[in-house]
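S.K.: Below: sequence and its predicted model.
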Amino acid sequence: MIKTEKLSLSTKGYCHIVDITPEIKNFIEKNKAEKGVISVFVRGSTGAVTTIEYEPNLEKDFEEAMERFAPSARTYHHKKTWNDDNGFSHVRASLVGPSEVVPFSDGKLLLGTWQQVVVIDFDAGSRTREVFLTLIS
Amino acid sequence: MIKTEKLSLSTKGYCHIVDITPEIKNFIEKNKAEKGVISVFVRGSTGAVTTIEYEPNLEKDFEEAMERFAPSARTYHHKKTWNDDNGFSHVRASLVGPSEVVPFSDGKLLLGTWQQVVVIDFDAGSRTREVFLTLIS
Amino acid sequence: MIKTEKLSLSTKGYCHIVDITPEIKNFIEKNKAEKGVISVFVRGSTGAVTTIEYEPNLEKDFEEAMERFAPSARTYHHKKTWNDDNGFSHVRASLVGPSEVVPFSDGKLLLGTWQQVVVIDFDAGSRTREVFLTLIS
């Protein structure tokens, strides 16, 4: 069985982290899937997918680490292409990557207790983000 | 065919890198699978999965790069939440990510000669790590 | 349906980014696949897979970020093992990771308009890179 679902998320950018674990659980349950994997993919080159302990202080820590890695105040070559100020967003997104694959068994995601699947919007403003879940069971 | 197997690894934390390539090969062989992919996922928000040339000097290099990216001596906001000292572990794990998907053909993993599939325990102490392998064939 | 295809790419190393989106589209089309995912995996421990807005200025930005993260002029412990000068290549490749999984629907990749699937050769010289596409549909 292969099923796809699209999530639309309202995101604020600047390392906005959104927990999509409830939506993934719901997707598995409504398909009555027992065993398999969920592929999670964010559309767009300034978004990323990973897992994290989703709590506000760690969100700040992650943002600060990203700021050290690819500072938002730096001038990027990308600005010459489109006059966009989101070079830092692209660099961070390509580093973290747009996809993860998460297994489930007995209809339950095999996550840790403090591990959530998240989408990160690294862009320089608010937008609607499309995320694709593909269930392979 | 979809099959899941759980590995339990004794890990020491602090960027402990464990080569699980033999376990993955064994999993493919015992299922007599010919062609497909293996999804590898580590449970827990301070672990990660990637590939590396698994040799001790490169392990040190990777650990030093992680130390520059998210220093272990730094104070993280995460400490305010649980009084935990593993903020660096979480930040590193979310960066590297919890999953990879590795193809195989003719029953053999399509890895390079000096490329191993590894689980990294970034946490601040020893523990038992659960890793899930899902064979899709 | 599970199908595998190997791409052979001529790469120059030093953060050479190659857009393989056309090859992936072609692979889906010639298999007349409607819905599913493509697993993309690069063989070798100095290569990586991610998505990026594939344009020359951003390629420079990404390379510069990688240079800050794992400088090519630094001496790595890995040199002691094989007298190789590509410690920086390995560290970068393990960080970015060797795989991504990309969904498609109605025979079309679900990428953003400015989002391409790329292979990055981080090694310290030119070579032929093998990339494996696995279609799960």
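M.R.: Alright, I've got the coordinates. In this text, all values refer to a predicted model and were calculated from it rather than measured experimentally.

S.K.: Tell me the buried residues in the lowest-mean-pLDDT helix or strand in chain A?
M.R.: Between all helices and strands in chain A, the lowest mean by mean pLDDT, DSSP states H and E belongs to helix A:78-82, at a mean of 95. Neighbour-count burial for helix A:78-82, with 16 or more other Cβ atoms under 10 Å in any protein chain shown as criterion, is recorded at A:His78. Just so you know, the C-beta spots here come from the backbone N, C-alpha and C atoms, and that holds for glycine as well.

S.K.: Now do the helix or strand A:Ser89 falls within: which elements does it pack against?
M.R.: With secondary structure defined by DSSP states H and E, A:Ser89 is part of helix A:87-96. Helix A:87-96 makes packing contacts with strand A:47-52, helix A:56-69, helix A:78-82, helix B:87-96, strand C:47-52, helix C:56-69, helix C:87-96 when contacts are defined by 3 or more Cβ pairs under 8 Å, 6 or more residues apart in numbering or on different chains; DSSP states H and E.

S.K.: For the next helix or strand after that helix, which strands pair with it and how are they oriented?
M.R.: Once helix A:87-96 ends, the next helix or strand along the chain (criterion: DSSP H and E) is strand A:99-105. Pairing partners of strand A:99-105, with direction, according to DSSP bridges: strand A:36-42 (antiparallel), strand A:108-109 (antiparallel).

S.K.: what does chain A have sitting close to chain B?
M.R.: Counting by Cβ under 8 Å from any Cβ of the partner chain, chain A comes close to chain B at A:35-37, A:50-53, A:55-58, A:60-62, A:65, A:68-69, A:95-97, A:100-103, A:105, A:110-112, A:114-116, A:136-137.

S.K.: which of the residues you listed are buried?
M.R.: Buried, going by 16+ other Cβ under 10 Å: A:36-37, A:50-53, A:55, A:57-58, A:60-62, A:65, A:69, A:95-97, A:100-103, A:110-112, A:114-116, A:136-137, out of the residues of chain A next to chain B.

S.K.: Specify the beta-bridge partners of the residue nearest the centre of chain A.
M.R.: Compute the mean C-alpha point of chain A, and by Cα atoms, centre = their mean the closest residue is A:Val119, 1.9 Å away. Taking DSSP bridges, one finds A:Val18, A:Val49 as the beta-bridge partners of A:Val119.

S.K.: In this structure it contacts A:Leu9, no?
M.R.: Yes - in terms of Cβ atoms under 8 Å, A:Val119 counts as a neighbour of A:Leu9; the distance is 6.3 Å.

S.K.: any residues in contact with both of those two?
M.R.: Among the neighbours of A:Val119, those also in contact with A:Leu9 (Cβ atoms under 8 Å, 6 or more residues apart in numbering or on different chains) are A:Val18, A:Ile20, A:Arg129, A:Val131.

S.K.: Contact partners for the last one?
M.R.: With contacts defined as Cβ under 8 Å, 6+ apart, A:Val131 is in contact with A:Lys6, A:Leu7, A:Ser8, A:Leu9, A:Ile20, A:Val40, A:Phe41, A:Val42, A:Arg43, A:Gly47, A:Val49, A:Val119.
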